[in-house]
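K.L.:
Predicted model and sequence follow; I will ask about them next.
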Amino acid sequence: MEEEFSIVRRTEAEISPASIKGMLILIRPVWQGKGLIKRVEILLPIDPGSACQRLFNAAIYDLREKIVTVGIDIAKEVAKTYRLPPIEKDDDILENYSTYNVIDLSYRMGILRRPEWRRIQRCYEIRRDLEHEDNEYEAVLEDCFYIFKSTIEVVLSQDPVEILKVTDVKQVIEEPQRITITEELLTYYSHAPELRQKEIIGFLVATAKSTDQPDVIRENSFELLRHFKTTTKTQVIIEIAKELEKRLDRNEIDLVTAKIGHAIGATAYFKRAKLKDYYSSILRDFKNSSSSWSKQAKIVSIFHDIGHFTYCPKDLIVEFLKYLVLCYIGEPGGYGTYGRNRAVFFSDAAAPIIKRIIKNNGNMLSDEIKKLRKDELTPKNCAIAE
């Protein structure tokens, strides 16, 4: 009972007038300079409803300015895609767009994340009630607390979002050495709306596939694709997968397309028949590598770069695993003194890559490895599976 009472007292303290007023110091200096704080501080003790409305209106105006900062070109496309009112110029956002549409557009453009979008929507509903205050409804501290906390944390304390442009990415990959990926770059990309992400990924894919580009620029493009993968929106990945397959037409998947597909996660959306044909061709290369260490290293490296077992058809997994294990542990030696003491198939170059592949897929491959230990190889030779 005492614990429950302490929680209640703590909650009451959190939403006291003093705590609500204390949140104002978190607002960005640009708004502090506009006299917003002073007006809200004056209104809060005598008219909480008006204080909430002032703060909410400031947050909406801040969102309008952030939309303009991101770019009217993006706003136009996003509005069209999600069937919001059309946008022709900056004034449409600053003057003619409704509050509800500003909130929705901010979310669709990536300025607000979904949880933040929901919080500002709830603030909008509360403010709408406050606008119609009468004898039946008056603003209470809980209303003020929610509006103050949400508008300040989500909007008024946050700097304008920097959206990455294609020209920015072009400048990064054209560095004459292997690029260093910064957290700032990844953050800017993660905030980009679908249309901008698709532009950037499309540019990187085209650069990675272009044989006219220097190797260092193509490798930098691959590196960025790999780093952008986790924050690229799913719909963007699906659209890129469709475009990659469309370019292939009736042709089989080639190595560059397979590497790009894995780098951005698009391979999962390729047609199964095409994937089956491509993995079957890779399996033939495994079989043809025989005891050539250089061939083994090359084909194992390719298998790693295209996503190894991630997209491999289930009925081919055991065959691939068999050749990987044989390349790793080798077989009894061949001719001469040196041959009798060295495994025929063992590849120094391929072994570390094979170990990494199997380690990354350990859970998925455990049953298949057990089968190989019983049916294909002696238990002592399957130490890699431990």
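P.N.:
Yep, that arrived. Residues are numbered from 1 along each chain as shown.
K.L.:
mind checking the SS state of residue 85?
P.N.:
coil (DSSP: H, G, I helix; E, B strand; the rest coil).
K.L.:
pLDDT-wise, which helix or strand of this protein ranks last?
P.N.:
Ranked by mean pLDDT, DSSP states H and E, the helix or strand of the chain with the weakest confidence is helix 2-14, at a mean of 41.
K.L.:
who are the neighbours in contact with residue 116?
P.N.:
107, 154 (C-beta atoms under 8 Å, 6 or more residues apart in numbering). Using the backbone N, CA and C atoms, a C-beta is placed for each residue, glycine as well.
K.L.:
Ignore what I typed, I meant residue 65.
P.N.:
94, 160.
K.L.:
how about 10 Å then?
P.N.:
30, 90, 93-94, 160 (C-beta atoms under 10 Å, 6 or more residues apart in numbering).
K.L.:
Among those residues, name the ones in helices.
P.N.:
Secondary structure assignment by DSSP state H places 30, 90 of the contacts of residue 65 in helices.
K.L.:
Need the contacts of residue 65 in a markdown table (columns: distance to residue 275, neighbour count and pLDDT).
P.N.:
Formatted as a markdown table, the contacts of residue 65 follow (distance: C-beta to C-beta, whole Å; neighbours: other C-beta atoms under 10 Å; pLDDT from 0 to 100):
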| residue | distance to residue 275 | neighbour count | pLDDT |
| --- | --- | --- | --- |
| 30 | 52 | 13 | 85 |
| 90 | 47 | 14 | 70 |
| 93 | 45 | 21 | 76 |
| 94 | 49 | 14 | 72 |
| 160 | 43 | 15 | 82 |
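K.L.:
mind giving me JSON lines with the contacts of residue 65 and columns for distance to residue 358?
P.N.:
Output for the contacts of residue 65, formatted as JSON lines (distance: C-beta to C-beta, whole Å):
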{"residue": "30", "distance to residue 358": "54"}
{"residue": "90", "distance to residue 358": "56"}
{"residue": "93", "distance to residue 358": "54"}
{"residue": "94", "distance to residue 358": "58"}
{"residue": "160", "distance to residue 358": "47"}
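K.L.:
Closest one of the contacts of residue 65 to residue 74?
P.N.:
Nearest to residue 74 out of the contacts of residue 65 is residue 93 (C-beta to C-beta; 11.5 Å).
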